[in-house]
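Novice: only geometry, no sequence info:
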């Protein structure tokens, strides 16, 4: 909003009651833009519909999150468990690749266009994946699920790049926190909540799961429509990278910034570790909670909803806390140290209480909720990574941040695949704890540039409040 012209005056008079010479008493007072509640909470007014669109889209993506592995195994029959693990692992590779391109293509084409590409890929290959399941062909199922895995990172992480190119530095971590509120609010929280109701309502068992996955198409399409029709913020509507940079240079910019700024690479590796245990637990916990400990699928889905509801409630809180007490300090003690304790509690408490007992289930859920809440302590990483890169390389840094965020899916699945056969579930959990410990050590040696952390870093012209 431009400033009022100096010749325009208001009906207000100085304290002595005498208007200044030349005052136009008939001119209306200048109108000040009102700051709405969402803006005061840290959600940029120009992007508000984008947050809702991501929530709805990720709800669709999250419907299957806590039953897809056993569902694929059931479809494939004998030996299906190993094949399902392989398919989920390949899906993680797709998420990793697409997460990188979400960042660099957002710079090249603009975030909104990349979000549309992601939505189209998701819809087309979700239909293909559902059609492949009845064939019980491992190759066809793996291919279609891999290609569908390209969809959600292009949609969600392109919007995260849009946020980072738009929001002022002093409110950056808070805005990133709200992004993870809606991201986690959909995947897995609301998605799992919907699955609790739709699976039995649509036929139960494998049939109910299949129709629930079909229903997810509706949420994904609606989420895209909300973003496409509701977000007009100009930064994200076209190319962000300088015009003089070639397309090849932009596409390689994420790798280049890690070479030129090693601290960006270290921060990216910390973000990679962040949610890897979350995706690893998605693989091992359904069988443990639902079958081994006798609580059943519905109880497992209920546990997931509650655990990550805690995460939703605290993402924005830890983003704001990071802006207040320091991004590094928040990640170090709440994100890493407390998450490691919470993860151990989520694994061991269910095994210590009586299997199948009602009170034991709720105690186990409370332990898991500690992990979900403390996982939100990593929220400031979305501000830390671009801060190490500087304003001129922000887009490249966000490409690597998105790669790490998506790569956590791959890392979580990879740890399960490598450790579970010989170390069991306990070995998987302790491997994640060891990764947290390594991240803690690395973060100890990092310090965010003061001008970036305080919000005083010079901003490019494209950045708007």
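Specialist: Cool, got the structure. Note that this is a predicted model, so its numbers are computed, not measured.
Novice: what about residue 369, neighbour count?
Specialist: 21 (other C-beta atoms under 10 Å). Yep, even glycine has a C-beta here, placed from its N, CA and C like the rest.
Novice: Chain neighbours aside, what residue packs nearest to it?
Specialist: Spatially, and ignoring its direct neighbours in sequence, residue 369 is nearest to residue 310 (4.3 Å; C-beta to C-beta, 6 or more residues apart in numbering).
Novice: Could you do residue 366 as well?
Specialist: residue 349 (8.0 Å).
Novice: ditto for residue 339
Specialist: Distances taken as C-beta to C-beta, 6+ apart place residue 374 nearest to residue 339, at 4.4 Å, with adjacent residues excluded.
Novice: Same check on residue 99?
Specialist: Going by C-beta to C-beta, 6+ apart, residue 99 has residue 406 as its nearest residue, at 2.6 Å.
Novice: still on that earlier bit, host element of the residue nearest to residue 369?
Specialist: helix 296-325 (DSSP states H and E).
Novice: Summarise which helices and strands that helix is packed against.
Specialist: Judged by 3 or more C-beta pairs under 8 Å, 6 or more residues apart in numbering; DSSP states H and E, the packing partners of helix 296-325 are helix 172-184, helix 191-201, helix 276-287, helix 327-330, helix 358-375.
Novice: List just the one of these that sits closest to residue 248.
Specialist: Of all these, helix 172-184 sits nearest to residue 248, with 29.1 Å by C-beta to C-beta.
Novice: and the closest one, what other elements does it pack with?
Specialist: Against helix 172-184 (3+ C-beta pairs under 8 Å, 6+ apart) you get helix 48-62, helix 151-166, helix 296-325, helix 381-389.
Novice: got any ranges where the chain has weak pLDDT?
Specialist: Where the chain drops to pLDDT under 70, the residues are 1-35, 449-465.
Novice: Regarding it, what is its longest helix?
Specialist: helix 394-444 (DSSP state H).
Novice: need the contact list for the residue nearest to residue 99.
Specialist: By C-beta atoms under 8 Å, 6 or more residues apart in numbering, the contact set of residue 406 is 95, 96, 98, 99, 100, 102, 153, 157.
Novice: Now with 10 Å, please.
Specialist: 92-103, 149-150, 152-154, 156-157, 272, 275 (C-beta atoms under 10 Å, 6 or more residues apart in numbering).
Novice: And for residue 256?
Specialist: The contact partners of residue 256, by C-beta under 10 Å, 6+ apart, come to 249, 250, 393, 396.
Novice: same question, residue 330
Specialist: 173, 318-324, 376-381, 384.
Novice: that older thread, now the helix holding residue 310 and helix 381-389, what's the angle there?
Specialist: Interaxial angle of helix 296-325 relative to helix 381-389 (axes from the mean of the first three to the mean of the last three C-alpha atoms, to 10 degrees): 40 degrees.
Novice: So what's the gap between helix 296-325 and the chain middle?
Specialist: 12 Å (C-alpha atoms, centre = their mean, to the nearest Å).
Novice: are any of the contacts of residue 256 buried, and which?
Specialist: Buried members of the contacts of residue 256, counted by 16 or more other C-beta atoms under 10 Å: 250, 393, 396.
Novice: Spit out the contact partners of the closest residue in space to the second one that isn't next to it in sequence.
Specialist: With C-beta to C-beta, 6+ apart as the measure, residue 257 is the residue that lies nearest to residue 393, at 4.8 Å, once sequence neighbours are left out. For residue 257, the contacting residues are 264-265, 268, 385-386, 388-390, 392-400, taking C-beta under 10 Å, 6+ apart as the criterion.
Novice: Surely residue 136 is in contact with residue 80?
Specialist: Yes: with contact defined as C-beta atoms under 10 Å, residue 136 reaches residue 80; the gap is 8.8 Å.
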